[in-house]
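> Model the following, please.
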Amino acid sequence: MSDLFEAKVNDFMAKIIAKNPGEAEYHQAVQEVTESLMPFIEENPVYSHAKILERIAEPERVIMFRVPWLDDQGNIQINRGYRVEMNSAIGPYKGGLRFHPTVNLGILKFLAFEQVFKNSLTTLPMGGGKGGSDFDPKGKSDNEVMRFCQSFMTELSRHIGPDTDVPAGDIGVGGREIGYLFGQYKRIRNEFTGVLTGKAIEWGGSLIRPEATGYGAVYFAQEMLKTQGDNLKGKVCAISGSGNVAQYATEKILQLGGKVVTLSDSAGFIYDEGGITEDKLKFVMELKNIKRGRIKEYADKYGVDYVAGKTPWSVKCDLAFPCATQNEINEDDAKTLVNNGCIAVSEGANMPSTPEAAEAFVKAQILYGPGKAANAGGVAVSGLEMTQNSMRLPWTRDEVDDRLQQIMTSIHDTCVKFGKDNSGFINYINGANIGGYIKVADSMIAQGVV
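Model prediction:
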């Protein structure tokens, strides 16, 4: 980046930081996008004149509210709820709800900001939003989770709707939570409508939705490998996380002939040199989805290595799929992956690589799919669920999977179009940011100063 562009980025970021103090994740997300977009905006002054980037970086609406609920001992507990409605230029706000103790406004603004670009890349008519609470479902009974969700939705229901804002799940919000939230919305509004995605198939959900983010990250990796005349067959893959995204990324890698050797949770990671088989994956799914246990139990059962308190990026692999949480890969991790022969990284989580890690991947010119492109499969199928709800017509598993693959291929094509330089190297960060920006920016200009 030239000194001129760097000065413009620094000036822009100084204003963002001054207006949003203490929100480090949000600053990081905006900085990454601004560095990609500043040269493009300078070459296309219509965007600069309309101050599109300044407007995109300011949420259209931020809602914060109190969530009181009763625990099983009859004690009143109080959490804080949020919904960040970031941008609606191309459709109703769309993005997940996260229930986790680390949730705060800065994290949700970062996620909502990323969601704007991610949703734009899917080609579906969805704006960007995100929400959640500092409530922790872990260790809570089903009744406690239900009472919390009912209290949370009692307030949130005022601000959402199928043509206004359509939340989904995220960390800590799975099928159980979506069910309780939907039931309360239906009770309050007296209507059965597609106001949430990630619903069970029996009451308006879509096939492939639970699998979509993990599948999509693998489909994106496959598309990146195709640019090198390669594929996933025989590739050794390291995956972080052991929740929904990691589970289905593992499943799809196995189907495409790859080998997964790691999974993790917040306490540590397992290394299964022989590979995680379909039967072992079933054990993980039961362990995490039903028993809600720790991944160490996998190591105990199958006699493989378990490393406490660490992430799996020291393991030698061909491909890495970070599927846990933000900033889980630092610069040293990235350099270790590259030095160990990793040829591709496809992000299943949101912003799992620090800026220094992302820079290391780009500098090494490996295939690097950033989260807003690589993990867009989840929200893509959420969009397809919205379409099915509007049509009152469910699609088959194959129909949804075909559409998911088409969308991930289209996202990859967009990244190549806007990210390929004169040497032939594809900077997927630039491609995703510019490709996602143009659709939103043009829509905002067409709609005037609103």
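
> where do the helices sit along the stretch 101-250 of the chain?
For the stretch 101-250 of the chain, the helices defined by DSSP state H, counting those that start in this stretch cover 105-121, 142-156, 175-189, 212-226, 244-255.

> Select, out of those, the one closest to Lys363.
Lys363 lies closest to helix 212-226 among the helices of the stretch 101-250 of the chain, at 17.1 Å (Cβ to Cβ). C-beta: built from backbone N, CA, C; applies to glycine.

> got the angle between that closest one and helix 244-255?
Angle of helix 212-226 versus helix 244-255, following axes from the mean of the first three to the mean of the last three Cα atoms, to 10 degrees, is 50 degrees.

> Okay, strands next: where are they in this structure?
Remark: strands assigned in the chain by DSSP state E are 61-70, 76-87, 93-99, 128-133, 165-169, 236-239, 259-265, 268-271, 305-308, 319-321, 344-346, 367-369.

> if we compare the ones you listed, which one ends up closest to Gln150?
Between those, strand 61-70 lies closest to Gln150; by Cβ to Cβ that is 7.8 Å.

> Give me the helices and strands touching the helix or strand bottoming out on mean pLDDT in the chain, please.
Across the helices and strands of the chain, mean pLDDT, DSSP states H and E gives its lowest value to helix 3-19, namely a mean of 93. Helix 3-19 sits against helix 24-43, with contacts defined as 3 or more Cβ pairs under 8 Å, 6 or more residues apart in numbering; DSSP states H and E.

> For the helix it packs on, buried residues please.
By 16 or more other Cβ atoms under 10 Å, the buried positions in helix 24-43 come out as 25-41.

> if we can go back for a sec, just the angle between the least confident helix or strand of the chain and helix 24-43, please?
Calculated by the same axes, to 10 degrees, helix 3-19 forms an angle of 140 degrees with helix 24-43.

> ok now helix 3-19, how far from the chain's centre?
Computed by Cα atoms, centre = their mean, to the nearest Å, the chain-centroid distance of helix 3-19 equals 26 Å.

> List the buried residues of that helix.
In helix 3-19, counting by 16+ other Cβ under 10 Å, buried: Lys8, Val9, Phe12, Met13, Ile16, Ile17.

> Please put the alpha-carbon coordinates of it into PDB.
What follows is helix 3-19, C-alpha atoms only, in PDB (Å, rounded to 0.1, in the frame of the first residue of the first chain):
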ATOM      1  CA  ASP A   3       2.100   6.100   1.600                       C
ATOM      2  CA  LEU A   4      -0.900   8.100   0.300                       C
ATOM      3  CA  PHE A   5      -3.400   5.300   0.800                       C
ATOM      4  CA  GLU A   6      -1.900   4.400   4.100                       C
ATOM      5  CA  ALA A   7      -2.400   7.900   5.300                       C
ATOM      6  CA  LYS A   8      -6.000   7.900   4.100                       C
ATOM      7  CA  VAL A   9      -6.600   4.500   5.900                       C
ATOM      8  CA  ASN A  10      -5.100   5.900   9.100                       C
ATOM      9  CA  ASP A  11      -7.200   9.000   9.000                       C
ATOM     10  CA  PHE A  12     -10.300   7.000   8.400                       C
ATOM     11  CA  MET A  13      -9.500   4.600  11.200                       C
ATOM     12  CA  ALA A  14      -8.700   7.400  13.700                       C
ATOM     13  CA  LYS A  15     -12.300   8.600  13.200                       C
ATOM     14  CA  ILE A  16     -13.700   5.100  13.600                       C
ATOM     15  CA  ILE A  17     -11.700   4.400  16.800                       C
ATOM     16  CA  ALA A  18     -12.700   7.800  18.300                       C
ATOM     17  CA  LYS A  19     -16.400   7.100  17.700                       C
END
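
> which residues sit against it?
1, 26-27, 30-31, 34-35, 38-39, 42, 53-54, 57 (Cβ atoms under 8 Å, 6 or more residues apart in numbering).
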